[in-house]
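Enquirer: Take this sequence and fold it.
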Amino acid sequence: MSLVLSQVPGLLDDIYIEKNRWAVALEYRKRNPDLSLVFRKRSLFISLMTLIMSKGETLGFCTNKNRQIFSRCVSDKRDVYRANNYLSFIGEELQGSYLDAEDKAKEGMVYLIPGAGAPYKEWGVQNYLELADKLAQDLDRDRIQFILGKKEEWYIAAIENKGFSVQFNLPLDVLIDRFKKADLIVANDCGPSHIAQIFSHKYVILYSNEKLDAERVVREWFYPCSECDFLIGGEGKPLGTLKVEKVYQMTKSL
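Expert: Numbering: from 1, shown residues only. Next up, the predicted model:
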């Protein structure tokens, strides 16, 4: 996460990349912050570190182990959008999209994101290619592009052989700019999809229900908007069994 955040100019003044526990403790003591926000509720070490070393205010999620450690703790709510869970630290919540008026000038691009952090979350590159072919019935082919990370590099040949372009391993600031100006994004439940939900205005997110946890995952990881929707795979079935036509019809309905 630190490496990702460091790619956005001006987002943070400084980023420390963790090496080991004791290096973290020494760095924390050196910085001597006035306010510490601890999101890692399961790390007793981090909680105790802030208790022993912090001279300022500390905020964290309440657990039986750390309830008495922080200056103030808040409930860890897994039935709300994850960003709002974090924003509850400061008594705020997201209000609509991050987009401002000047960002909403669209370039008419459609971005398909076939990658995911775990195989069971993937709809499958072949399904995405079939979807791209269907979308190309209504749009110029060059307006439909795939966004891939390093793990999906092996998809490039198959995608380009079908006549579609690839945006590969984009820096975060470039990815955000693409999403701000996109007309539609279709993605699995993955890192870029979470970014798209803040910086884009129209998207369809695909969720696996192979582990029978989709209802909880959607509550925590889908940010609703007026031109956005999601689809859930079959109960106990691989996400790849979700029909291409069903996804295509949803993109048409937005």
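
Enquirer: Please count neighbours and contacts with C-alpha atoms only from this point.
Expert: Fine.

Enquirer: Please report how far V174 lies from Q68.
Expert: As judged by CA to CA, to the nearest Å, V174 and Q68 stand 42 Å apart.

Enquirer: Check D229 too.
Expert: From D229 across to Q68, the span is 41 Å (CA to CA).

Enquirer: what about the two, which has more around it?
Expert: Using other CA atoms under 10 Å, the more surrounded residue of D229 and Q68 is D229, with 19 against 12.

Enquirer: Tell me how many other residues crowd the nearest residue to that one once chain neighbours are set aside.
Expert: Closest residue to D229 in three dimensions, ignoring its sequence neighbours and counting by CA to CA, 6 or more residues apart in numbering: V204, at 5.1 Å. Look at V204: counted by other CA under 10 Å, it has 25 neighbours.

Enquirer: Now for this protein, the helix or strand with the poorest mean pLDDT.
Expert: Using mean pLDDT, DSSP states H and E, the weakest-scoring helix or strand in the chain turns out to be helix 2-5, at a mean of 44.

Enquirer: can you tell me how far the nearest residue to H201 once chain neighbours are set aside sits from P192?
Expert: Spatial nearest neighbour of H201, excluding adjacent residues (CA to CA, 6+ apart): E227 at 6.6 Å. Distance, E227 to P192, by CA to CA: 18 Å.

Enquirer: Which one of these two is surrounded by more residues?
Expert: More crowded of E227 and P192, by other CA under 10 Å: P192, with 20 against 14.

Enquirer: quick one, what contacts the more buried one?
Expert: If you count contacts by CA atoms under 8 Å, 6 or more residues apart in numbering, P192 has them with I113.

Enquirer: Doesn't it lie inside a strand?
Expert: No - counting by DSSP: H, G, I helix; E, B strand; the rest coil, P192 falls outside a strand, being helix.

Enquirer: Tell me the spacing between it and V80.
Expert: Counting by CA to CA, the gap from P192 to V80 is 19 Å.

Enquirer: do Y248 as well
Expert: 28 Å.

Enquirer: Would you mind measuring the gap between the ends of stretch 165-184?
Expert: Start-to-end span of stretch 165-184 (CA to CA) is 16 Å.

Enquirer: pLDDT averaged over that stretch - what is it?
Expert: Averaging pLDDT along stretch 165-184 yields 92.

Enquirer: counting contacts, what elements does whichever strand or helix holds A157 pack onto?
Expert: Using DSSP states H and E, A157 sits within helix 156-161. Counting contacts by 3 or more CA pairs under 8 Å, 6 or more residues apart in numbering; DSSP states H and E, helix 156-161 is packed against strand 165-168.

Enquirer: which ones are touching the closest residue to R72 other than its chain neighbours?
Expert: Excluding the flanking residues, the one nearest R72 by CA to CA, 6+ apart is L59, at 5.1 Å. By CA under 8 Å, 6+ apart, the contact set of L59 is 35-38, 70-74, 89.

Enquirer: So which of the residues you listed belong to strands?
Expert: 35-38, 72-74 (DSSP state E).

Enquirer: Let me see the confidence value for P119.
Expert: Reading off the model, P119 has pLDDT 95.
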